[in-house]
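Asker: structure here, sequence nowhere to be found:
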């Protein structure tokens, strides 16, 4: 593989999806979840997928489309309220959901991505979410231990990439994408625009290309606001 | 104080320095250490200062100028090799130096800055730097616990700020400044240029103004490369 | 009932002061900007990575510019975009001056329950635990009682907690309460209600502010 | 002595392959770019927050564009600036393909000592521990012996360690060694040296590569 030209087509990236993999996905309520890569995940036919991401998207947007197909076996997320089907699957036992406070979840992904081994926090102490979490006492005070998260494959969305995989984001579509981009063994970035090396301002690059393995052009966002879908 | 106009002069910020304070300073080998704020620290006459930063600068650049005055009682840093006087003070017992691996030190500052309670790592295990550090066992594996760092005052250098304190940096003068900016109770940014709110691209802002309390204009960098000073 | 929500939001809008960095939760808190005095200039924070958002654009909302509830917004001058860890770093480290969250129950010591009703829908906790832990000041908004009349200001919460001892003020359509280390104090009556009304609809004991009489 | 350093740097330059992300330590490793084949295109990483640096500008060096050793550099096309946590995240998480560090001692199991000589100057550890821990491949460069003739490739290091079991290759002016779970193997002789020379100047036991004879 040419490390200075990571641009790939969907035929190249399809074999990266596999049964039983742990998939990290970027996005917040579907905003910033790479739509074409989710379609590719769906078309790949893989099953028993372990998902890690902020939320379950909407049934028609983001990772939600995949969750609804019942091919994910687990999800670590901060909420699933925007995808009622995810809630049904959870109640039926078809989808194992682990809730993590939103910022803590992001830090867990970051901890894995930057090669650390988890962290201590008081967030969640004395709540349901503290169950099964190790308590660590430092100087007489108890903290929850939060474990790092990593995965086999990471999929992120960015506005622009150069061929090395340097990424620039788009407003609130940035959200957790820079963290997800660091945490997987292999990371694919779906982008609106691909430019040559040297065409991005080195100051504006948010994710250095060293973290990115493949860059694919988006086939389009096709965004639907929630009020456009209600009653459908 | 006007939270939308944090621009201050040196008369306003001088009372923020006090004897015995813990001072976090940005910069890497002096690059990105705010020169005018260091002068201000020196002029303030404060003593018994606890310093936290990447290194001890050079004797004529960065925090080095202050260290040489023997008014710092301790320093947490990753190395002091560029400032021989710091080494002498350490050997004489006049300056207590705690070494932390460079990336771990940055993460400790970040941990304090983002309101977490430290983290676990394998870096440094089995070395001198592991002495006195708590060991935490998670799933049968031992890790070093690294504590968060915070301070009374943080001083950072940036290329541009708007009046809200949003910061944009300059090439490798960015280094640890974005982390130092988050970790102190009060943070002062020394900048080359101050602009109105709305004049920075919201995508290029590295440190949001919510972390910054005061913005002061620099009186100039007056940089000296090491080869310009050798033999002086 | 819709009216009660508007009354609460209107009263809560008075809590905002110029210069503050403010996070508004979903539900009743999201109505607050409609009642904000135009002379009060605050920066609204959104968990997804935006400080300084403004009203939704009238036409052509941008899918890549939305708040944490997924609704389109704009960005004000001086606003910034950042990733989720910076966003929550701001929350946990006390850079949010004021968080106003919707609530299911608040207990007299300030324990907040607002994320789960066991056996019913479990949408997940989102960012509520961190806001409750890290915001400099936390205000809980809720209707004073359940639809069946059951009080929501309680001695001990019957619901799983979001965070302990975090709420400093409660605003309902009937009253405003303050909470400190001494417990619950009735601070204000909303128009049309008496202290006796509040006693009848509040499970927890409370003291009376100096300004109020039985 | 200067010559030995250049010989080591020249040999080490052959370890770089097009496409690699490479971190070079201070001392001998910093000489490597002088010997790099122009057809070998790598991205150099600098701890202070720069991926993709190039040679120093011939005139007017920029104080705000330097490498981790404090010397001026340039940035290549595709290079990026970032903060120190991103820089070390890249190191710890294995995104640096190759780190080449100067060394004081290496033991036969790959333990590295390169940061402190007790009783002498203690400059501090800098980023060496993380590079030793996180780089995909770590090569140690050093002159084969101390000035007093004492071997630096040892059975057990007599100096405080930087990291354990991290060095995969050692390059000196006399030889190249590889280290794996079976221990030390002499892989190459540098021009002018025999296996017997190496035995005489190496404290640790070592095996011989298939390509070499006693």
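Answerer: Nice, I can see it. Worth saying up front: this structure is predicted, and the values here are computed from it rather than measured. Residues are numbered from 1 along each chain as shown, chains lettered A, B, ... in the order given.

Asker: hmm, the biggest helix by length in chain A in reach of chain C?
Answerer: The residue-count maximum for a helix in chain A (DSSP state H) belongs to helix A:102-113. Yes: contact of helix A:102-113 with chain C (CB under 8 Å from any CB of the partner chain) involves A:102-104, A:106-107, A:110. Every C-beta, even on glycine, is put in place using the N, C-alpha and C of the backbone.

Asker: dump these to JSON lines, plus pLDDT.
Answerer: Converted to JSON lines, those look like this (pLDDT from 0 to 100):
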{"residue": "A:102", "pLDDT": "98"}
{"residue": "A:103", "pLDDT": "98"}
{"residue": "A:104", "pLDDT": "98"}
{"residue": "A:106", "pLDDT": "98"}
{"residue": "A:107", "pLDDT": "98"}
{"residue": "A:110", "pLDDT": "98"}
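
Asker: centroid-wise, who is the farthest residue in chain A?
Answerer: No residue in chain A sits farther from the centre than residue A:140, which is 36.1 Å out by CA atoms, centre = their mean.

Asker: same deal with chain C?
Answerer: In chain C, the residue most distant from the centre (CA atoms, centre = their mean) is residue C:60, at 29.7 Å.

Asker: need the pLDDT of the residue farthest from the centre of chain A.
Answerer: We note a pLDDT of 97 for residue A:140 in this prediction.

Asker: and what of residue C:124?
Answerer: 86.

Asker: what parts of chain A come near chain D?
Answerer: Contact residues, chain A versus chain D (CB under 8 Å from any CB): A:1-4, A:113-116, A:162-164, A:166, A:182, A:196-198, A:200, A:202-203, A:205, A:208-211.

Asker: what subset of those residues is buried?
Answerer: A:3-4, A:113-116, A:162-164, A:166, A:182, A:197, A:200, A:202-203, A:205, A:208-211 (16 or more other CB atoms under 10 Å in any protein chain shown).

Asker: of those residues, list those near chain B.
Answerer: For chain B, the contacts drawn from these by CB under 8 Å from any CB are A:114, A:116, A:202-203.

Asker: any idea how far residue C:180 is from residue C:207?
Answerer: Here residue C:180 is placed at a distance of 10 Å from residue C:207 (CB to CB, to the nearest Å).

Asker: let me fix that, I meant to ask about residue A:209.
Answerer: With CB to CB as the criterion, residue A:209 and residue C:207 are 61 Å apart.

Asker: before we move on, what about residue C:50?
Answerer: For residue C:50, the distance to residue C:207 - CB to CB - is 40 Å.

Asker: more crowded one of those two?
Answerer: residue C:50 (27 against 14; other CB atoms under 10 Å in any protein chain shown).

Asker: mind listing what the residue most central in space within chain A touches?
Answerer: The C-alpha lying nearest the average C-alpha coordinate of chain A belongs to residue A:25 (CA atoms, centre = their mean; 1.9 Å). With contact taken as CB atoms under 8 Å, 6 or more residues apart in numbering or on different chains, residue A:25 is in contact with A:33-34, A:38, A:51-53, A:62-63, A:154-156, A:180.

Asker: 7 Å - rerun?
Answerer: Applying CB atoms under 7 Å, 6 or more residues apart in numbering or on different chains, we find residue A:25 in contact with A:33, A:51, A:53, A:63, A:155, A:180.

Asker: now do residue A:37
Answerer: A:155, A:188, A:190.

Asker: surely it is within a helix?
Answerer: Yes: Residue A:37: assigned to a helix according to DSSP: H, G, I helix; E, B strand; the rest coil.

Asker: state the distance from it to chain D.
Answerer: Residue A:37 sits 21 Å away from chain D, going by CB to the nearest CB, to the nearest Å.

Asker: from the residues of helix A:102-113 next to chain C, list the buried ones, please.
Answerer: Neighbour-count burial (16+ other CB under 10 Å) applied to those gives A:102-104, A:106-107, A:110.

Asker: just the helices in chain C please.
Answerer: Counting by DSSP H, the helices of chain C are C:2-13, C:84-92, C:128-134, C:195-200.

Asker: whoops, chain A was the one
Answerer: With DSSP H, the ranges of helices along chain A come out as A:10-13, A:35-44, A:64-67, A:84-92, A:102-113, A:177-183, A:226-229.

Asker: could those helices go into CSV alongside distance to residue D:126?
Answerer: Converted to CSV, the helices of chain A look like this (distance: least, CB to CB, whole Å):
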stretch, distance to residue D:126
helix A:10-13, 38
helix A:35-44, 39
helix A:64-67, 45
helix A:84-92, 47
helix A:102-113, 23
helix A:177-183, 23
helix A:226-229, 51
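
Asker: and residue D:115, which of the ones you listed is closest to it?
Answerer: helix A:102-113 (25.6 Å; CB to CB).

Asker: could you list the residues in contact with that closest one?
Answerer: Defining contact as CB under 7 Å, 6+ apart, one finds that helix A:102-113 is touched by A:24, A:52, A:54, A:76, A:78, A:100, A:118-119, A:121, A:123-124, A:146-150, A:176, A:179-180, A:182-183, B:116, B:119, C:47, C:84-85, C:88, C:91-92, C:126-127, C:130, D:89, D:93.

Asker: now do the contacts for residue 18.
Answerer: All of this is about chain A. The contact partners of residue A:18, taken as CB under 7 Å, 6+ apart, are residue A:46.

Asker: the intended chain is chain C.
Answerer: Residue C:18 sits next to C:40-42 when contact means CB under 7 Å, 6+ apart.

Asker: hmm, try it at 8 Å
Answerer: B:3, C:39-42.

Asker: can you tell me which of those residues is closest to residue D:185?
Answerer: Nearest member of those to residue D:185, counting by CB to CB, is residue B:3, at 64.5 Å.

Asker: my guess is the closest one meets residue C:19, correct?
Answerer: Yes: with contact defined as CB atoms under 8 Å, residue B:3 and residue C:19 form a contacting pair (3.3 Å).
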